[in-house]
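I would like to see how this sequence folds:
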Amino acid sequence: MRSLPPLNPLMAFEAASRHLNFTKAARELNVTQGAISHQIAVLEDYFGARLFERKSNQLELAPNAAAYAGLLSDGGGSDRNCAARRSTNGRTSG
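Predicted coordinates:
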């Protein structure tokens, strides 16, 4: 079984995916832009795929990363997932 992705790179990815800017993500997390870049590289290595497309002065989410970013930004949809699990288990969220 594969381990979970490391937390710090996930936090860097989540912030960078919202801002589409490593510098703004760095400010939010109170780290350097270089630290964000390094953490993104760690996560790209973990997944074996590019997470961002770097186009001139723009940063775009790679297609394979867009859905993952949505899950992280939404907290994994935890409230909806819990409600769905409860309803499928015969419990209601009263």
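
Whichever helix in the chain runs longest packs against which elements?
Taking DSSP state H as the assignment, the helix of the chain that covers the most residues is helix 33-47. Contacts defined by 3 or more C-beta pairs under 8 Å, 6 or more residues apart in numbering; DSSP states H and E place helix 33-47 against helix 7-19, helix 22-29. C-beta here means a position set from N, CA and C on the backbone, and glycine is covered the same way.

Can you tell me which of those helices is nearest to Y68?
Comparison of the helices and strands packed on helix 33-47 against Y68 by C-beta to C-beta identifies helix 7-19 as nearest, at 8.0 Å.

Name the residues that touch that closest one?
Applying C-beta atoms under 8 Å, 6 or more residues apart in numbering, the external contacts of helix 7-19 come out as 22, 24-25, 28-29, 31, 35-36, 39-40, 42-43, 46, 51-52, 59, 61, 65, 69, 72-73.

what about 7 Å?
22, 25, 28-29, 36, 39-40, 42-43, 51, 61, 69, 72-73 (C-beta atoms under 7 Å, 6 or more residues apart in numbering).

Quick one: residues contacting I40.
Contacts of I40 (C-beta under 7 Å, 6+ apart): 9, 12-13, 16, 51-52.

Of the residues you listed, keep whichever come out buried.
Buried by 16 or more other C-beta atoms under 10 Å: 9, 12-13, 16, 51-52, out of these.

can you list the residues you listed in CSV and add pLDDT and distance to R2?
Below are those laid out as CSV (pLDDT from 0 to 100; distance: C-beta to C-beta, whole Å):
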residue, pLDDT, distance to R2
P9, 97, 15
A12, 97, 20
F13, 95, 17
A16, 96, 23
L51, 96, 17
F52, 96, 22
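
I am finished for the moment; much appreciated.
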